[in-house]
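Asks: test case, fold it:
(2 chains)
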Amino acid sequence: MLTWANLVSQMFNGLVLGALLALISSGLTIIYGTLGVLNLAHGALFMLGGYAGWLTFDYTGSYIAAVAGGALFVLLVGIVIERGIIRFFYDRPHEDQILVTFGIGIVIVELVRLSFGSLSLSVTPPSLISGITNLGFVIYPTYRLAVVAIVAVALLALYLVLYRTRLGMIVRAGIEDAGMVDALGINVYRVFMVVFGIGAMAAGFAGIVNAPVAPITPDVGTEILVQTFVVVVIGGVGSFPGAILGGLIAGEILSLTSMINPAYSQVMLFAVMTLVLVVSPHGLLGVRGRQ
Amino acid sequence: MARRTIASRAWWPDVVTALGLFVAPYVLPALGFSPDTMSRILIFGLFGIGFDLLFGFTGMLSFGQSAFFGTGGFAAAYLLTQTGMTSVILALVIGTVVAAIVGVGVGLIALRRTGIYFAMITVAIAEVFYFLDMSPLSAFTGGENGLPGVPSPTFYLGFATIHIEAGWSMYAFLAVCFLIGMVLARRIIASPVGLVLVAIRDNQLRAAAVGHHVDRYKLLVFTIAAAYAGMAGGLLGVLQSYMPPDAFAFDTSGQLVMQTVIGGLGTLFGPLVGAAVWLYLRDFLQSTLALGAAWKLALGIVFVLLVCFLRRGIIGGFADLAGYFRSRGSSAAPDGEREPESAGMAPTSAGAAAVGEPVPEPAEPIEHGDPILRTENISKRYGGLLANDSIDFTVREGELRGIIGPNGAGKSTFFKMLTCEVAPSSGRILFHDQDITGFGVTRVAQLGLTKSYQVNQLFNRLTVRDNLAIAAAAERRGPFRMDLLRSVRRVDGLQARVDETLGLVNLAHRADALVSELAYGEKRRLEIGLALATAPSLLLLDEPLAGMSPQERVETIRLLRSIRKGRTMVVIDHDMDAIFNLAERITVLQEGRVLVEGTPQEIRDNTAVQEAYLGGMEEA
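Replies: Predicted coordinates:
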């Protein structure tokens, strides 16, 4: 049924999904922009955030602790992966980097499957942000509104770190020319470690925030990874604003088209990606010349 | 990657493959392989041959091969179960063709970008196929149920009827399909197309610059890979009597990538070995060790370790090991990767290699003939910087022109515009009176204008001979040709051109060395050789003497003199002595404009030139 209320609530759904995609994609895109590595384990890290958060929730019963636990655990895992494996791949071809992160993703997924089984798990948010809210023109689940706010705060934090701190300045300089930054006497490779950790944390944070909306399973990351790719292709690889714009566009496309026919929503998303590729091969906000 | 020479079209690997496939049923069951497992290995091995052509040989990593596997499989299964088609072979062939056509369509989109973009786009496209299969097309594909009841082929031989059934007859049928796929792939690799594919992998920029239409070759190999995937998908339906929807799943693509890398990239047999390891581990860990779901974790760890430490997979590892033991025997071989040389091209005789022998094509020099290259008022603006400002420049046939100028005078920008690497902001460039402005490097190279680069742009993982063959093939075959099954050796005039060029640049004794084994001076000569092998009517040389030792410099100047005969050349260099020595006329650029043009003597005496150099030094 195509009603006004239906349309508005689908647009809200699109906003929620779009916000999450924007956050996950931001993580992927700053890792690529800074390190030059396309992280195929990103979906697995999203999933891992959900499980780590769920475990924390199981022990403490606190939603806040779950979010903190999920995000920090994935931050830690990200740093371990960068120190243990990724840093040896900076001088290797892109294809090797893709292969190794793909493998890491599989190892993470299978480890989780082995530890938790394939059953889906869920986390309940605190009563303050659960239930439903009457916005006057539409009645909408409160938690989903909260997700938009939480993600907006996370993105703002990411923006402040990237654009208002010394670390962010080094990161943005590193995106332009990592070798030059290194030559200036700044340990750019330590910055790489931090960036990989932050990028991973963005995915893990999104994973646990999403847990009350959609159940957690070991395979939840694969679909998210594919959508994240579409987001960064639309927005422009390596562009932080592009990831946010692309995320919101993708979220709305998926929600609004699924109102007409759910089966076609993924296909529509792909059609938009193709259109962007044809019209502007570097994405909407991408930088020309970067591969 | 295995060392290759052109014309490695030996027949014995085909025979060994056939023997191996014949012997396998008598050996592998003892190790616990069932006919069904072996059949699956063959299907993924065949699927992987196409993928290896795409990734191992051309360097394009696709995570979307499931799209073509599923397309070919469901096209064949639909024909056999829903339309009453009875010929299984015909259905398989149609499925393959449909997959190839879909491959062209997908390729046109995905190939708009390279590297990581390409990988991401293939993932996204493959996912769309999965969703299309599940819902909008479920009337044809059965959606989540797939298509059951795919029949097995039957062959009427006149005197007997062979009906393929589950078990060893199915294995035999699949083995024949695999063998055909392998023989074809080996022909493709030994063809000029195969040579261009590895050229694209090693240095796409240079492959285009010597005159190969890189985009079309990429689309071609992408389509071939899609066809292999389509055939394998169809065979999966036949093997299982059922076409499963998860053929379209991302996991299928992932499995293919992992198996190929585990087995060994760029070997064609890698996917077969990888699939055998994969399925054996799955069965072994699951049943024998009762590890259940942990088999995939174990494979994931193996995969990560292989990518980290043994990039060339199992086959590559064994090749390295064999090379290690061989090189311990003979200390002469410094390169552990060396493989026994398969019948290469006939060695060049030392006599033909002598410098100064008759040069390829362009006939006798026409001193100061007609203008061959003319620029009319070309400018190049980078933001606020005017790098080249209204340059009028003419080179006549047979001339050897030098271009000098202080740093930042705009020499390199000017050269890039001449070879159409960058388009001028305004003005036109005429080559043989044809307006070539905006043509792009490939078209210009095909017209006979090419350059040697300031920084070497070689095909580093190939031999000297193959490097030159790549360049010569562009001129002999044109920008694009689908001579997939012709041996490189049969390309008209190619071998002669390679031998001649080897002689010209004095690398005949190094013909079978890998580029990575060459000294810097030798690489510089090969760089010039790559340009020469395309038989250009106008050759541009961008700082051919850059970074050379005094000895190498003398040799290279001698080389430039010797190739000068019958050619029109334009040389940029900082080495003033060399330019004054070589060139008949010199153009001096300063701050993006032509300062003066004249004979070396005129330039030497020109006060403006002296000022440009000496004055520039004072200001600094």
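Asks: how far does stretch B:542-550 stretch from one end to the other?
Replies: Distance across stretch B:542-550, first residue to last, is 18 Å (C-alpha to C-alpha, to the nearest Å).
Asks: who's in contact with the strand or helix carrying residue B:587?
Replies: For residue B:587, the enclosing helix or strand under DSSP states H and E is strand B:585-590. Residues outside strand B:585-590 that contact it (C-beta atoms under 8 Å, 6 or more residues apart in numbering or on different chains) are B:391, B:393, B:399, B:401-406, B:409-411, B:414, B:579-580, B:594-600, B:603, B:606, B:609, B:612. Every residue, glycine included, has its C-beta placed from N, CA and C.
Asks: CA atoms only for stretch B:451-466, dumped as CSV, please.
Replies: Once non-C-alpha atoms are left out, stretch B:451-466 reads as follows in CSV (Å, rounded to 0.1, in the frame of the first residue of the first chain):
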residue,chain,number,x,y,z
LYS,B,451,58.6,7.3,-27.5
SER,B,452,61.0,5.8,-25.1
TYR,B,453,60.3,6.8,-21.5
GLN,B,454,62.4,8.9,-19.2
VAL,B,455,61.8,6.3,-16.4
ASN,B,456,62.0,2.7,-17.7
GLN,B,457,58.6,1.2,-18.5
LEU,B,458,59.4,-2.4,-19.1
PHE,B,459,57.6,-5.7,-18.7
ASN,B,460,59.6,-6.7,-15.6
ARG,B,461,58.6,-10.3,-15.1
LEU,B,462,59.3,-11.3,-18.7
THR,B,463,62.4,-12.0,-20.8
VAL,B,464,64.1,-9.4,-23.0
ARG,B,465,62.9,-11.4,-26.1
ASP,B,466,59.3,-11.4,-24.9
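Asks: residue ranges with poor pLDDT in the stretch 1-150 of chain A?
Replies: Scanning the stretch 1-150 of chain A for pLDDT under 70 picks out A:1-2.
Asks: which parts of it are strands?
Replies: A:132-134, A:139-141 (DSSP state E, counting those that start in this stretch).
Asks: same deal with the stretch 101-250 of chain B?
Replies: Using DSSP E, counting those that start in this stretch, the strands of the stretch 101-250 of chain B run over B:147-148, B:154-156, B:161-163, B:242-243.
Asks: what's the burial count for residue 110?
Replies: As the question left the chain open, I've gone with chain A. A total of 21 residues lie near residue A:110 under the criterion other C-beta atoms under 10 Å in any protein chain shown.
Asks: nope, chain B please
Replies: With other C-beta under 10 Å as criterion, residue B:110 counts 28.
Asks: show me what contacts the closest residue to chain A within the stretch 301-450 of chain B?
Replies: Closest contact between the stretch 301-450 of chain B and chain A, by C-beta to the nearest C-beta, is at residue B:304 (3.9 Å). Listed by C-beta under 8 Å, 6+ apart, the contact set of residue B:304 reads A:85, A:100, A:103-104, A:107.
Asks: C-terminal to the helix or strand of chain B with the lowest mean pLDDT, what's the next element?
Replies: In chain B, no helix or strand scores lower on mean pLDDT, DSSP states H and E than helix B:350-353, which sits at a mean of 37. Sequence-wise, the next helix or strand downstream of helix B:350-353 (DSSP H and E) is strand B:371-382.
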